[in-house]
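Colleague: requesting a structural model of the entry that follows:
(3 chains)
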Amino acid sequence: MPELPEVEITRRKLLPLFVGKRLLQLEHRDPRRYRHTERVAGQRVEGIRRRGKFLLFALTEGWEMVVHLGMTGGFRLERTLHTRVAFQLEDQEVFFHDPRRFGRIWVVRKGDYQEIPLLLQLGPEPLSEDFRFHEFWLGLKGSQKPLKTLLLEQRLAAGVGNIYADEALFRARLSPFRRGRELTEAEAQRLFAALKKVLAEAILLGGSTLSDRTYQQPDGLPGSFQMRHAVYGRTGLPCPVCGTPIAKRVVGGRSTHFCPRCQGMHGLL
DNA sequence: CAGGGTCCCTGTAAGC
DNA sequence: TGCTTACAGGGACCCT
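Modeller: From the prediction side, this is the model:
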């Protein structure tokens, strides 16, 4: 699933393809999912930023194109069976591939995100200076929700999804069922540090490509962070630290992988 | 506000 | 072998 690391790798790979180029048009057949795309016609791409899992393309004349990859979205240099949008640039075409169609595109006036409420409510970027322990700690203290749920909400930190939430909790030795309010300051510090570490490492390794190869970089290369997964997708396999079989439970409607020994028995009793 | 459930989608894997 | 069902999940939305 594209989460912060995968979206960041995507952004870096897209820079040379898009920046400085004129977007002639976006060709697609789904105005419900890809909104107001006619507005890009003739605009030049000035840059690409990332906020959480969103890609923000700055266009000339005050327009901005916002792309969310959803669960299976990604850019490709070749047309595929699941090409949903063709980006026609002045010198080549780039394709948006999205088998499950959870991806979305909006073209808005720069900074006007009223159509994209999640983008407006996004928490700080976990790899930036805006990510401060004090606020993170206050956010945890103010909630009775399970840690897994809190991490997926995009409020404590932007861009964390199912894989990196599970991996960060494992590294912090915290049960996904623990409630924010219950954490000690030392535990919160562990989670804060683990999030930064796991996301930064994943970027260095090009993100996670699962066995379904859902995530690929635009040039078709896979990431390799999946080799470092300690818990995600490893149900029943031994914990790399203690050998206990990794458990899986549903938390907040998402499958959640954890080591019952290293992360405590919460939720298993 | 919190927590739970459903829906959107479709490829893949598991079960019969 | 071939068909059916379950499952995966980011996020919106609805209900209690």
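
Colleague: would you confirm that residue A:122 contacts residue A:56?
Modeller: No: with contact defined as Cβ atoms under 8 Å, residue A:122 does not count as touching residue A:56 (11.4 Å). C-beta: built from backbone N, CA, C; applies to glycine.

Colleague: spatially nearest residue to residue A:84 (excluding sequence neighbours)?
Modeller: Residue nearest to residue A:84 in three dimensions, not counting chain neighbours: residue A:98, with 4.9 Å by Cβ to Cβ, 6 or more residues apart in numbering.

Colleague: wait, residue A:40
Modeller: Nearest non-adjacent residue to residue A:40, counting by Cβ to Cβ, 6+ apart: residue A:23, 4.6 Å away.

Colleague: next one: that neighbour from residue A:87, what distance?
Modeller: Distance, residue A:23 to residue A:87, using Cβ to Cβ, to the nearest Å: 7 Å.

Colleague: equivalent analysis for residue A:7, please.
Modeller: Using Cβ to Cβ, residue A:7 is found at 17 Å from residue A:87.

Colleague: need the helices for the stretch 51-200 of chain A, in chain order.
Modeller: With helices called from DSSP state H, counting those that start in this stretch, the stretch 51-200 of chain A shows them at A:117-121, A:133-141, A:147-152, A:162-171, A:185-204.

Colleague: so is the first one next to DNA strand C?
Modeller: Yes: judged by Cβ under 7 Å from any atom of the strand, helix A:117-121 comes into contact with DNA strand C at A:117-118.

Colleague: does stretch A:142-161 reach DNA strand C?
Modeller: Yes: judged by Cβ under 7 Å from any atom of the strand, stretch A:142-161 comes into contact with DNA strand C at A:152, A:154, A:161.

Colleague: which one among those gets closest to DNA strand B?
Modeller: The nearest member of the residues of stretch A:142-161 next to DNA strand C to DNA strand B, counting by Cβ to the nearest atom of the strand, is residue A:152 at 11.5 Å.

Colleague: quick one: the closest one from residue A:258, how far?
Modeller: Plainly put, residue A:152 is 14 Å away from residue A:258 if you go by Cβ to Cβ.

Colleague: with residue A:19 instead?
Modeller: From residue A:19 to residue A:258 the distance is 41 Å (Cβ to Cβ).

Colleague: likewise residue A:193?
Modeller: Remark: distance between residue A:193 and residue A:258 (Cβ to Cβ) = 18 Å.

Colleague: what about those two, which has more around it?
Modeller: Neighbours were counted for residue A:193 and for residue A:258 using other Cβ atoms under 10 Å; residue A:258 has more, 29 against 14.

Colleague: next, that one: phi, psi?
Modeller: phi -160, psi 160 (degrees, to the nearest 10).

Colleague: return the residues in contact with it.
Modeller: Shown in contact with residue A:258 (Cβ atoms under 8 Å, 6 or more residues apart in numbering): A:166, A:169-170, A:175-176, A:231, A:246-247, A:249.

Colleague: again, only this time at 7 Å
Modeller: A:166, A:169-170, A:175-176, A:231, A:246-247 (Cβ atoms under 7 Å, 6 or more residues apart in numbering).

Colleague: could you do residue A:139 as well?
Modeller: Residue A:139 sits next to A:155-156 when contact means Cβ under 7 Å, 6+ apart.
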